[in-house]
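# From the sequence below, what's the structure:
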Amino acid sequence: MSIKTGRKSQVQQAIVDGWMNAANGTAVIVKLDSGEERRTRTRSQPFLLGGHTAVIQLEGIPGCYSLERVRRADQA
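Down below sits the predicted model:
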């Protein structure tokens, strides 16, 4: 693993750690690929996808989304 890759993983892990207190069902706003912002709720705990990208699963949206595109609704 290169230093750059290791640093990115550390940053992404810090993002996951910042979301660990969010319970399933937490109200969030996600920025979709189209640029639209949608209100939804979490349906998983955050995790590192492939060991390098912080993601979370959301109600009504298949798969998972990068936590860099999700924010808690109470922080809107």
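
# where does the residue nearest the centre of the chain fall, phi/psi-wise?
Closest residue to the average C-alpha location of the chain: residue 67 at 2.2 Å, with C-alpha atoms, centre = their mean. The phi/psi pair for residue 67 (degrees, to the nearest 10) reads phi -70, psi -20.

# just residue 54 next, same as before
Dihedral angles (degrees, to the nearest 10) for residue 54: phi -80, psi 120.

# bridging residues for it?
Judged by DSSP bridges, the bridge partners of residue 54 are residue 48.

# number of nearby residues for it?
Neighbour count of residue 54, defined by other C-beta atoms under 10 Å: 24. Just so you know, the C-beta spots here come from the backbone N, C-alpha and C atoms, and that holds for glycine as well.

# Might you report the residue contacts of it?
Taking C-beta atoms under 8 Å, 6 or more residues apart in numbering, we find residue 54 in contact with 12, 13, 15, 16, 19, 46, 47, 48, 66, 67, 68.

# Return the members of these classed as buried.
12, 15, 16, 19, 46, 67 (16 or more other C-beta atoms under 10 Å).

# so for stretch 25-39, what's the average pLDDT?
The predicted model gives stretch 25-39 an average pLDDT of 96.

# residues in contact with it?
For stretch 25-39, contacts defined as C-beta under 8 Å, 6+ apart pick out 40-43, 58, 60-61, 65, 69-74, 76.

# ok, the residue nearest to the centre of the chain touching residue 56?
Yes: look at residue 67 against residue 56 with C-beta atoms under 8 Å: they come within range, at 5.8 Å.

# what is in contact with the two at once?
Common neighbours of residue 67 and residue 56 (criterion: C-beta under 8 Å, 6+ apart): 19, 46.
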